[in-house]
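Student: fold the stuff below for me.
(4 chains)
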2 protein chains.
Amino acid sequence: MSMPLHLSISEQLRRQIIGGEYQPGEQLPSEAQLVERFGASRTTIRQAIANLISQGLAASHQGKGVFVTEQRKVTYSLSSPMVFLEADMAQQGISFVAKRLEAGLVDVPEASQHLFSTPQVFWQKKLLEINGAPGALDLTYLPPEFGEFFSDHSTHQMTFPVLEQHGISIERIEAVLECTYADPEESVYLEVPLGHPLIVYRHTAFTTENRPVAYGETISRGDRFCYSLEIRRGA
Amino acid sequence: MSMPLHLSISEQLRRQIIGGEYQPGEQLPSEAQLVERFGASRTTIRQAIANLISQGLAASHQGKGVFVTEQRKVTYSLSSPMVFLEADMAQQGISFVAKRLEAGLVDVPEASQHLFSTPQVFWQKKLLEINGAPGALDLTYLPPEFGEFFSDHSTHQMTFPVLEQHGISIERIEAVLECTYADPEESVYLEVPLGHPLIVYRHTAFTTENRPVAYGETISRGDRFCYSLEIRRGA
DNA sequence: CAGTGGTCTAGACCACTTG
DNA sequence: AAGTGGTCTAGACCACTGC
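Tutor: So this is what the prediction gives:
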């Protein structure tokens, strides 16, 4: 077998996890136990565990152990007729809390410079907690005059419903979905290791008059979220 | 500074990369050089490099070195009016080749058991090469009677145009987008390390009579692809 | 051949969690 | 205090690349 030892070990453990021998949430044997079981050095065992973690099969917690990860994901629905993210969560029976981390006027970010006519925009950073655990970061950029809609009483609300309450109707959204990797800041907020896969939903919302009214990014843990959508031919 | 040494080193290198001091495609200093520059052991230097790789900032190649990664992504468009993936690529001026890896009759996969009435379905596995480099794996499951549409002359064509040529019109697609991690098989085909982030487009296509005619998965390198879409209110 | 990254070992010490 | 994972070292050997 020309396979490196650490890979051979992680593959054996992988088969046991996929085969259900180690259940989701269950603790794997400790490093010391694996050293004995496979007769390899601790470094090699740790490399094997790192392989499992990078494949999303396990997660380690200092002082506690390494545990098989749960694989269930929460689905954001983007289908037409357009539904807003937050309304969806309730339908799935999932507790959903948005906590405002920061807010204020900032310079227009590069990615949305063509959308705003003012040099500064109102900006909000929110942490979305799903079933009590941090799941996503949400960044919103709005024309400065909309800032007053988001005073303290609405810090826990999402963006689109608040706009609708003030008579601003969203007609169309242009969006991009992509994978990124947790940078040091994101890894702290989302409680994931550096480089953990994230799924980013980047969108621009337009009114009926085709005027851009909001730019936003939802940065979610890639291991906990996915997006569903429906595409129709004619539209 | 209470930050681990390997993190402190990778953060310094990260700032240099983001600041443009090391350009995309450029080679980073060798491990030996970094050992000298930071006065750390080779293990710690390798850990720092691993941090950069996990953040998608660098990629290593045995015998050659570690290189700063290019960050440009190819966009799949899912917007309405519905366009097929392959037609999009041409519009972006990107060379796009699909190579058939395997094909034949297989048992209906679990994820699509409710879609097919036959116990077996026609299955194709294709490798999509973008600008000469492997970029995505495409798995397609079709009713067995459609298998004959995909004889040797069309191995390099995509699925939907072939169906249209045979008078089968796709009206609606239900899809899910999610992140996954490269398993050993995917890592070989896509030439990425184990655990590399992937973006998966999982879809079911329906005809005008609302009959499911195709189930498929497009598994793309998360560092090279993203999806764009448009959502309209009324639809 | 020299230079690069990849694998592996043995051992020390630290930080966190649990009883 | 005992057990867990996290950090770090020094050193050996291997595999691949390019001149």
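
Student: in the host helix or strand of A:R14, which of the residues would be classed as buried?
Tutor: In the assignment (DSSP states H and E), A:R14 maps to helix A:5-18. Within helix A:5-18, the residues that count as buried by 16 or more other C-beta atoms under 10 Å in any protein chain shown are A:5-7, A:9-11, A:13-14, A:17. The way it works is simple: take the backbone N, C-alpha and C, and place the C-beta from them, glycine included.

Student: off-centre distance for it?
Tutor: 27 Å (C-alpha atoms, centre = their mean, to the nearest Å).

Student: need the residues that contact that helix.
Tutor: Contact with helix A:5-18 is made by A:1, A:3, A:22, A:28, A:34, A:38, A:40, A:44-45, A:47-49, A:51-52, A:55, A:57-58, A:68, B:184, B:194, as judged by C-beta atoms under 8 Å, 6 or more residues apart in numbering or on different chains.

Student: try 10 Å this time
Tutor: For helix A:5-18, contacts defined as C-beta atoms under 10 Å, 6 or more residues apart in numbering or on different chains pick out A:1-4, A:21-24, A:26, A:28-29, A:34, A:37-41, A:43-55, A:57-58, A:66, A:68-69, B:183-184, B:194-195.

Student: TSV please, covering the buried residues of helix A:5-18 and showing pLDDT.
Tutor: TSV is the format used below for those (pLDDT from 0 to 100):
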residue	pLDDT
A:L5	96
A:H6	96
A:L7	96
A:I9	97
A:S10	96
A:E11	95
A:L13	97
A:R14	96
A:I17	97
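
Student: also near DNA strand C: which of the residues you listed, exactly?
Tutor: A:5-7 (C-beta under 7 Å from any atom of the strand).

Student: mind listing the strands for chain A?
Tutor: Applying DSSP state E to chain A gives strands spanning A:58-61, A:65-68, A:74-77, A:96-107, A:120-130, A:133-142, A:170-181, A:197-207, A:212-221, A:225-232.

Student: domain-wise, how is chain A divided?
Tutor: A:5-68, A:74-228 (automatic domain parsing).

Student: those: lowest mean pLDDT?
Tutor: Across those, domain A:74-228 has the smallest mean pLDDT, namely a mean of 84.

Student: what's the end-to-end length of it?
Tutor: 10 Å (C-alpha to C-alpha, to the nearest Å).

Student: return the residues of chain A in contact with DNA strand D.
Tutor: A:28, A:30-33, A:42-43, A:46, A:49, A:60-66.

Student: repeat the analysis, applying 10 Å as the threshold.
Tutor: With C-beta under 10 Å from any atom of the strand as the criterion, chain A meets DNA strand D at residues A:2, A:4, A:27-35, A:41-43, A:45-46, A:49-50, A:53, A:58-67, A:193-194.

Student: weed out the non-buried ones from those residues.
Tutor: Buried among the residues of chain A next to DNA strand D by 16+ other C-beta under 10 Å: A:28-29, A:31, A:34-35, A:45-46, A:49-50, A:53, A:58-60, A:66-67, A:194.

Student: which one of the residues you listed is nearest to A:I170?
Tutor: A:L194 (35.3 Å; C-beta to C-beta).

Student: what separation do you get for the closest residue to the closest one other than its chain neighbours and A:L198?
Tutor: The shortest distance from A:L194 to any non-neighbouring residue, by C-beta to C-beta, 6 or more residues apart in numbering or on different chains, is to A:S187 (5.0 Å). Per C-beta to C-beta, to the nearest Å, A:S187 is found 10 Å from A:L198.

Student: again, but for A:Q47
Tutor: 24 Å.

Student: between these two, who's got more neighbours?
Tutor: A:L198 (27 against 17; other C-beta atoms under 10 Å in any protein chain shown).

Student: wait, isn't the more buried one in contact with A:L177?
Tutor: No: if you go by C-beta atoms under 10 Å, A:L198 and A:L177 don't touch, sitting 11.2 Å apart.

Student: spit out the residues that contact the two alike.
Tutor: Shared contacts of A:L198 and A:L177, counting by C-beta under 10 Å, 6+ apart, come down to A:218, B:179.

Student: kindly report the residues of chain A close to DNA strand C.
Tutor: Selection of chain A residues close to DNA strand C by C-beta under 10 Å from any atom of the strand yields A:1-10, A:31, A:35, A:38-48, A:51, A:61-65.

Student: what's across from the closest residue to A:E102 other than its chain neighbours in the sheet?
Tutor: Once flanking residues are discounted, A:E102 sits nearest to A:K125: 4.5 Å by C-beta to C-beta, 6+ apart. For A:K125, the beta-bridge partners under DSSP bridges are A:E102, A:L139.

Student: show me what contacts A:H166?
Tutor: Contacts of A:H166 (C-beta under 10 Å, 6+ apart): A:146, A:148-149.

Student: by neighbours, which of those wins?
Tutor: Result: A:F146 is most packed of these (other C-beta under 10 Å), 18 neighbours.

Student: how close does it sit to DNA strand C?
Tutor: 41 Å (C-beta to the nearest atom of the strand, to the nearest Å).

Student: A:L198 too?
Tutor: 23 Å.

Student: buried ones in stretch A:90-100?
Tutor: For stretch A:90-100, by 16+ other C-beta under 10 Å, it's A:96, A:98, A:100.

Student: how near is the closest residue to the second one other than its chain neighbours to DNA strand D?
Tutor: Looking back up the chat, that one is A:A98. Once flanking residues are discounted, A:A98 sits nearest to A:K126: 4.8 Å by C-beta to C-beta, 6+ apart. Noted for A:K126: a distance of 29 Å to DNA strand D, by C-beta to the nearest atom of the strand.

Student: again, but for A:H114
Tutor: 41 Å.

Student: likewise for A:L105?
Tutor: In terms of C-beta to the nearest atom of the strand, A:L105 sits 37 Å off from DNA strand D.

Student: was I right to think that residue contacts A:E145?
Tutor: No: under the criterion of C-beta under 10 Å, A:L105 makes no contact with A:E145, lying 11.1 Å away.

Student: the two - which one has more neighbours?
Tutor: A:L105 (12 against 9).

Student: which residues does the nearest residue in space to that one that is not next to it in sequence contact?
Tutor: Distances taken as C-beta to C-beta, 6+ apart place A:Q120 nearest to A:L105, at 4.8 Å, with adjacent residues excluded. Applying C-beta under 10 Å, 6+ apart, we find A:Q120 in contact with A:104-108, A:141, A:143-144.

Student: most neighbours out of those residues, which is it?
Tutor: Of those, with other C-beta under 10 Å as the count, A:Y141 tops at 22 neighbours.

Student: give the contact list for that residue.
Tutor: A:106, A:108-109, A:111-112, A:115-116, A:120-124, A:159, A:204, A:214-217.

Student: show the buried residues in the residues you listed.
Tutor: A:108, A:112, A:115-116, A:121-124, A:159, A:204, A:214-217.

Student: quick revisit: which one of the contacts of A:H166 is nearest to A:L229?
Tutor: For the contacts of A:H166, the nearest to A:L229 is A:F146 (27.0 Å; C-beta to C-beta).

Student: so who does the closest one touch?
Tutor: A:F146 touches A:121-122, A:140, A:159, A:162-163, A:166, A:168, A:213-214, counting by C-beta under 10 Å, 6+ apart.

Student: what's the answer for A:G222, then?
Tutor: Taking C-beta under 10 Å, 6+ apart, one finds A:56, A:73, A:179-182, A:192, A:196-200, B:178-181, B:197-199, B:222 in contact with A:G222.
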